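Asks: sequence isn't available, so here's the structure alone:
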């Protein structure tokens, strides 16, 4: 069993579910992930968003799609996630 298979089976790679906000780049999508966290002082639940650049080799994800992305080795300066699957269109 290779090292990379062992890591993915152990669940060491992070995964995120988000919405594609841009697919204009070649083999790259921009995914916005929404989190709901309590405010540190006021304890009210607030929404926070994070933006991730993900590698999409086949270009299957389009704007508005809900996708699952997985952490991977750095592909470029900003890209260290890859598209695992498109959950809904």
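Replies: Nice, thanks for sending it over. Everything numeric in this text was worked out from a predicted model, so none of it was measured.
Asks: and the pLDDT at the residue positioned nearest the centre of the chain?
Replies: Centroid check for the chain by CA atoms, centre = their mean gives residue 69 as the closest residue, at 3.6 Å. We have a pLDDT of 97 for residue 69.
Asks: pLDDT weak spots in this protein?
Replies: Filtered on pLDDT under 70, the chain yields the residue ranges 1-11.
Asks: so where do the strands sit in it?
Replies: 15-22, 28-38, 45-55, 66-71, 79-88 (DSSP state E).
Asks: for the ones you listed, which one ends up most surrounded?
Replies: strand 66-71 (a mean of 18; mean count of other CB atoms under 10 Å). In this view, the C-beta of every residue, glycine as well, is placed from N, C-alpha and C.
Asks: what's the angle from it to strand 79-88?
Replies: Calculated by axes from the mean of the first three to the mean of the last three CA atoms, to 10 degrees, strand 66-71 forms an angle of 150 degrees with strand 79-88.
Asks: strand 66-71 pairs with which strands, parallel or anti?
Replies: strand 15-22 (antiparallel), strand 79-88 (antiparallel) (DSSP bridges).
Asks: reformat these as JSON lines; add distance to residue 39.
Replies: What follows is the strands paired with strand 66-71, written out as JSON lines (distance: least, CB to CB, whole Å):
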{"stretch": "strand 15-22", "distance to residue 39": "22"}
{"stretch": "strand 79-88", "distance to residue 39": "27"}
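Asks: for residue 47, which of the ones you listed is the nearest?
Replies: Among those, the nearest to residue 47 by CB to CB is strand 15-22 (12.9 Å).
Asks: which residues sit against that closest one?
Replies: Here strand 15-22 makes contact (CB atoms under 8 Å, 6 or more residues apart in numbering) with 29-34, 51-52, 61-71, 81, 84, 87.
Asks: just want the phi and psi numbers for the closest residue to residue 80 other than its chain neighbours.
Replies: Leaving out its chain neighbours, the residue that sits closest to residue 80 by CB to CB, 6 or more residues apart in numbering is residue 74, at 4.7 Å. Phi and psi for residue 74, reported as degrees, to the nearest 10, are phi -60, psi 130.
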